[in-house]
Every structure is written in structure tokens, then in C-alpha cells.
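Asks: pasting the structure only:
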């Protein structure tokens, strides 16, 4: 999985994080290093779609959290992905 | 590197920077910046610019791209200089029939001087060494043919006041000194050939009387006209951008129409 928007949503699924924390988290669980441009491109798109929102903070390192709509979208995407993964594993076993 | 990335981040649209600029700067401070981060931020800025483009920006960008391509073409095209000389070939006040005879004689001289053997000798002369790249790629005969048809111009004309016939010799070449040297050489050949003929045939042959304008050393190149090429690229790009916008708008309105 390398879609930056899904990776950001997955990172925020267990709580709010700022940009650098997301980057570190994604690198840890997905072994993918998102560049600053890619990360903030994804954050911009996700916020425009209402799937994440900034958490009130005066700090330059502003944290974000996932919204209800974002959680639903992530859930739907993961279900699809899960189905793809299960099908691929089953087919590999029978091949 | 960190500073370079910060400067690159200035390429994001102003509205985007007002919202996310400080956060991106803070992130760049926190990470160990790498070269790929610089390109990543540059790419991010370009993508963000494209999402906020309006028709005017598209036309301006395509026009600028056109000017850039034209600029590269203009500066890669070697300059070409033209050296010119003028010789009087008949004395002032001669009758028309004499002038016609002189002209015929000059045409004959010209044929001898512009022969393949003579031009090949000029091209391969070590001091001149003309068209070294072309000579690697094509036979010398073709190089001679190109020189004769494209770079050399010999025209008959009337001197100022219309009193006498004159011959204008010009040669075009990327090196202005060599352009002048070739015209000087051709002039010398004309004089020598004419004197030899005059001696053999007697005074009835036309004798080139004098050199009116010696071979010029051109200061300005004849081509390429770089400002003109860049302007044409800019205008061409603007027209292309306008066409692209019209096509885009047409497609978008037909898509919206079919959705309704």
C-alpha cells in the first residue's frame, strides 16, 4: 500500500499527530518514507474532503485528527484491500 | 539543504502557503533533509500550482514554455555573418552593348571561379579550413555544392548613379573573419583571372577596373535574429495555450452537459 492519503489516514487512526510524527509513524508501520511535499499534498487533499481536521493549536507543528467521514472512508478502503489480499493469498496457495 | 528546501517551498501558491507554509517549514526543520526531499517539495509545489491554475495562468505558462524552447533553439543555432565586396566591371559611360558584353564576360569568369575544383581548394586550404563538420559527414563535392548554392551570392548591379556595372560578391559563414577571407580570396581570383584573359585576348576583353568596396568585416550576425525567434516562440506558445484552453473548456462543458 503506497497511497499517501490512505497512509496518512491509517496513521491518524489511533490518535492525532503532527506532520513529522505522521512521517515517522508511516515509515515505521508501512516502511514508506513520504517526502514533505507528498505528505502535505495528502494532508491538503484529506482536509479539503473533510476526512481529517486540524486540532486547535498555536504550535507551528499543528496536529491533525481523523474525522468520522475519514474513518468511514478508511474502513471501506481497508475492507476492499482486505478482500484483495485474501483473494491473492488464496490463489497463491492453489497455484 | 534545509535552506534550499525552504526556498523551494516558496514556490507553493500564496494561498496554500498562508494555510500550510509554517507547518511545512516546521516539518523541514524536524527531518534530516535529503536531496530527494528537495525534488519532492518542488514537485509538490508544481502540483499545487497546477490545481489552482486559471485560464490566464495556463496561457501564460504555455507562452513562457514556447519562449523557452525558442530561446534554446535560438542560442543553439550558430550565428552567421555575411562579408560583402563590390567590384566595378565596366567603366562608367560605356554603351549598353558594351555593358552587356562585359556582363557576359563576367558570367564566364564567374563560371570559372566557382568551379568545383577552385571552391574545393578554398574549402580545404589549411588557413581557412571551411565546413570541417560537414566534410566529416558528406563528400567534398556536396560541401562545395552547398557552399555555391547556399552561402555564396554573386550579383550584378549598377553603381550608385547608375553609371557603371558592378559585381557584388557576398559569402555567409559562422566565422566573420573567415567570411571576409573567402570574399577576399574570390576577389583576388576574379582579378587574376580577368587579367590573364585580358593579356590573352587583348583590350577587347573586359578588365575589372577597380574594387569599389573591399570585403567587409561584418560586426553583426545576419542570423539568427534571437529576439525575433524568442518573441515568435512566446506568441506561438500563447496561441497554443489559448487553443488548449478552448479545447479544455469545450470538453468540460460537453462533459457537464452529458452529466445533466
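Replies: Now that the structure is in, tell me what you want to look at. Since the model is a prediction, treat every value here as computed from it, not as a measurement.
Asks: Report the contact partners of residue B:60.
Replies: For residue B:60, the contacting residues are B:238, B:241, by CB atoms under 8 Å, 6 or more residues apart in numbering or on different chains. C-beta coordinates here come from the backbone N, C-alpha and C atoms, glycine included.
Asks: Confirm that it sits in a helix.
Replies: Yes. Counting by DSSP: H, G, I helix; E, B strand; the rest coil, residue B:60 is part of a helix.
Asks: Would you map the helices across the chain?
Replies: Picking chain A for this. In chain A, the helices defined using DSSP state H lie at A:4-12, A:19-30, A:36-48, A:68-94.
Asks: oops, I was thinking of chain B
Replies: Assigned by DSSP H, chain B shows helices spanning B:2-9, B:14-30, B:35-51, B:55-76, B:96-113, B:116-124, B:132-137, B:140-146, B:176-201, B:226-259.
Asks: Now mean pLDDT and distance to residue B:219 too, for those, in TSV please.
Replies: Formatted as TSV, these follow (pLDDT from 0 to 100; distance: least, CB to CB, whole Å):
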stretch	mean pLDDT	distance to residue B:219
helix B:2-9	85	42
helix B:14-30	89	47
helix B:35-51	86	43
helix B:55-76	88	19
helix B:96-113	72	27
helix B:116-124	92	24
helix B:132-137	93	24
helix B:140-146	93	25
helix B:176-201	85	8
helix B:226-259	83	16
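Asks: so what are the domain limits for chain B?
Replies: B:1-52, B:53-77+B:225-260, B:81-213 (automatic domain parsing).
Asks: how about these in CSV, adding distance to residue A:30?
Replies: Formatted as CSV, these follow (distance: least, CB to CB, whole Å):
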stretch, distance to residue A:30
domain B:1-52, 17
domain B:53-77+B:225-260, 32
domain B:81-213, 55
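Asks: Show me what residue of the stretch 51-200 of chain B gets nearest to chain A.
Replies: Nearest residue of the stretch 51-200 of chain B to chain A, counting by CB to the nearest CB: residue B:51, 8.8 Å away.
Asks: Stretch B:217-228: which residues count as buried?
Replies: Across stretch B:217-228, burial judged by 16 or more other CB atoms under 10 Å in any protein chain shown covers B:218, B:221, B:224, B:226.
Asks: give me every residue that touches the second one.
Replies: Going by CB under 8 Å, 6+ apart, residue B:221 touches B:79, B:80, B:81, B:176.
Asks: Now the phi/psi pair for it, please.
Replies: phi -70, psi 150 (degrees, to the nearest 10).
Asks: That one and chain A, how far apart?
Replies: The gap separating residue B:221 from chain A is 44 Å, by CB to the nearest CB, to the nearest Å.
Asks: one step back: what's the burial count for the residue of the stretch 51-200 of chain B closest to chain A?
Replies: Residue B:51: 12 surrounding residues under other CB atoms under 10 Å in any protein chain shown.
Asks: for the one 3 residues further on, same thing?
Replies: The tally of other residues near residue B:54 (other CB under 10 Å) stands at 9.
Asks: Could you find the residue in the stretch 101-250 of chain B that comes nearest to chain A?
Replies: For the stretch 101-250 of chain B, CB to the nearest CB, closest residue to chain A: residue B:248, 21.9 Å.
Asks: Closest one to residue B:200 out of the buried residues of stretch B:217-228, please.
Replies: Closest approach between those and residue B:200, by CB to CB: residue B:218, at 36.2 Å.
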